[in-house]
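*Asks:* Provided below are the primary sequence and the corresponding predicted coordinates.
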Amino acid sequence: MRWIWIDKFVAFESGRRAVAIKNVSLAEEHLADHFPGFPVMPASLLIEAMAQTSGILVGEARHFQEKVILAKVSRALFHELARPGDQLRLEAVIENLTEEAATISGTIRCENRLIGEISLMFSHIDKSQAGVEFPQENFVFNESFMSLLQFYLKDAQTGVPNP
């Protein structure tokens, strides 16, 4: 199963920045165990949500020519907890983009509260590298993730949000 930790894009500037929304719901299975009686979204999943937001941004900036993989979590600083009922706003900004890699700085907010600050590094894997096969489910460019970007682009073009 592939976990998707973002619900939709609300802003997308090609090669520059992306903003995604994640609604934290008590219906999410992981909240039953983290922590019993005091559910919070684990920091590791907040990092993954930022990686998914950023991975689409980086991939689109390079016209999806290569696979993009998370190479390094350079920094992850959390100020508050993400709880059920929170609507998280994940903003990813490209700091540096080359043929080989990209660095991203990101923030996670809930209303006016800063939940976390994350810096990530991505590596680009092109089709010529060592002939290694990578299973598609390990990358964010699958149909589910791409539909999030396509919905946003369609909404932006028509001015009519998808239901």
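*Replies:* The structure has been received and is ready for your questions. Numbers count the residues shown, from 1 in each chain.
*Asks:* Leaving out sequence neighbours, find the closest residue to residue 122.
*Replies:* Nearest residue to residue 122, sequence neighbours excluded (C-beta to C-beta, 6 or more residues apart in numbering): residue 102, at 4.6 Å. Glycine gets a C-beta too; all of them are placed from N, C-alpha and C.
*Asks:* can you give me the helices in the protein?
*Replies:* Secondary structure of the chain, counting by DSSP state H: helices at 43-61, 143-158.
*Asks:* who touches the last one?
*Replies:* Here helix 143-158 makes contact (C-beta atoms under 8 Å, 6 or more residues apart in numbering) with 2, 4, 6-10, 12, 20, 52, 55-56, 60, 161-162.
*Asks:* next one: stretch 92-101
*Replies:* 15-20, 50, 53-54, 57-58, 61-62, 71, 102-106, 119, 121-124.
*Asks:* Would you format the helices of the chain as CSV with mean neighbour count included?
*Replies:* Listed next are the helices of the chain as CSV, based on neighbours: other C-beta atoms under 10 Å:
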stretch, mean neighbour count
helix 43-61, 23
helix 143-158, 14
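*Asks:* So for residue 37, which of the ones you listed sits nearest?
*Replies:* Between residue 37 and those, the shortest gap by C-beta to C-beta is with helix 43-61, which sits at 18.7 Å.
*Asks:* What helices and strands are in contact with the closest one?
*Replies:* strand 8-13, strand 17-23, strand 67-78, strand 87-97, strand 101-110, strand 113-125, helix 143-158 (3 or more C-beta pairs under 8 Å, 6 or more residues apart in numbering; DSSP states H and E).
*Asks:* what angle separates the fourth one from helix 43-61?
*Replies:* What that stands for is strand 87-97. Compare the direction of strand 87-97 with that of helix 43-61 by axes from the mean of the first three to the mean of the last three C-alpha atoms, to 10 degrees and you get 50 degrees.
*Asks:* ok so, going back, buried subset of the contacts of stretch 92-101?
*Replies:* With neighbours counted using 16 or more other C-beta atoms under 10 Å, those contain these buried positions: 17-20, 50, 53-54, 57-58, 61-62, 71, 102-106, 119, 121-124.
*Asks:* quick one: residue 14 and residue 156, what's the gap?
*Replies:* If you measure residue 14 against residue 156 using C-beta to C-beta, to the nearest Å, the figure is 11 Å.
*Asks:* same question but for residue 49, I mixed them up
*Replies:* Counting by C-beta to C-beta, the gap from residue 49 to residue 156 is 21 Å.
*Asks:* list the contacts for residue 119?
*Replies:* 73, 74, 75, 76, 95, 103, 104, 105, 106.
*Asks:* Kind regards, and thank you for your time.
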